[in-house]
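how would this look folded up:
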Amino acid sequence: MLSISVALLTTLCLKGGLTYAFSARDNGDIFIINYDSFDGDVDDMSTTTQAARDPEYIDFDEIIHGCNASFITPMSHVLQFNNTGKLADEKDMTSMCYFRCFFEKAGLVENFKLNPNVVRKYMWPATGDSIEYCESQGVNEKNACVRTYSIAQCAMTRALTDARNKPMV
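Below you'll find the model as predicted:
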């Protein structure tokens with residue numbers, strides 16, 4: 001009878017939106033522990049062991065968060081850049097440094113050179129002289145953020161243009 005009562009009480013507590021755990025002491029008594037901090041979302045739980053990843057895996061979310069911590073850029077600016085290849089304010093140095101951070105940490109740009117394999121895998125299948133042309137953008141620029149942004153802007157514009165001109169079937 002006691003086990004039926006515990007099962008019924010557990011069901012009622014969980015259906016009522018309450019999160020409780022039941023545990024038995026050595027003497028058989030039942031007591032309730034209230035878990036206020038657990039919201040039932042198992043995604044919040046972490047383990048000490050990381051799952052194996054492909055060695056070439058790029059965690060873009062982690063890069064976005066890391067770069068945004070250093071160069072706070074609204075996501076609306078990032079989305080505008082992703083959709084148009086331009087920033088709303090072409091003199092916004094913080095956003096330019098954000099894109100420098102992102103492109104370098106993602107492995108898209110290193111020492112002002114585009115990585116063709118990463119660009120082709122994640123941005124667009126660059127053809128012709130696109131890689132060389134984009135690398136030449138901002139070559140006389142002294143500021144590293146502006147120079148990398150010029151390269152990124154060229155690459156994004158080319159990617160958007162190619163995507164419009166060569167629709168996927």
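
can you give me the strands in the chain?
Shown for the chain, the strands assigned by DSSP state E span residues 20-24, 30-34, 109-110, 113-114.

Show me the strands paired with the last one, marking each as parallel or antiparallel.
Right, strand 113-114. strand 109-110 (antiparallel) (DSSP bridges).

what is the mean pLDDT for the partner strand?
Here strand 109-110 scores 95 as its mean pLDDT.

Give me the neighbour count for the nearest residue to Gly107 once chain neighbours are set aside.
The shortest distance from Gly107 to any residue that is not its chain neighbour, by CB to CB, 6 or more residues apart in numbering, is 4.8 Å, and that residue is Val118. For every residue, glycine as well, the C-beta is placed using N, CA and C. Burial measure for Val118: 17 neighbouring residues, criterion other CB atoms under 10 Å.

Next, work out how far apart Val118 and Thr94 are.
Going from Val118 to Thr94 by CB to CB, to the nearest Å gives 24 Å.

so where's this structure uncertain?
Applying pLDDT under 70 to the chain flags residues 1-51, 163-169.

Could you count how many residues lie near the closest residue to Val109 other than its chain neighbours?
Excluding the flanking residues, the one nearest Val109 by CB to CB, 6+ apart is Phe103, at 4.2 Å. By the criterion of other CB under 10 Å, Phe103 has 25 neighbours.

about what we covered before: so the residue nearest to Gly107 touches Glu104, yeah?
No: with contact defined as CB atoms under 8 Å, Val118 does not count as touching Glu104 (11.2 Å).

Spit out the contact partners of the residue nearest to Asn115 when sequence neighbours are not counted.
On the basis of CB to CB, 6+ apart, the spatially nearest residue to Asn115 that is not a chain neighbour turns out to be Gly107, at 5.6 Å. Listed by CB atoms under 8 Å, 6 or more residues apart in numbering, the contact set of Gly107 reads Ile58, Asn115, Val118.
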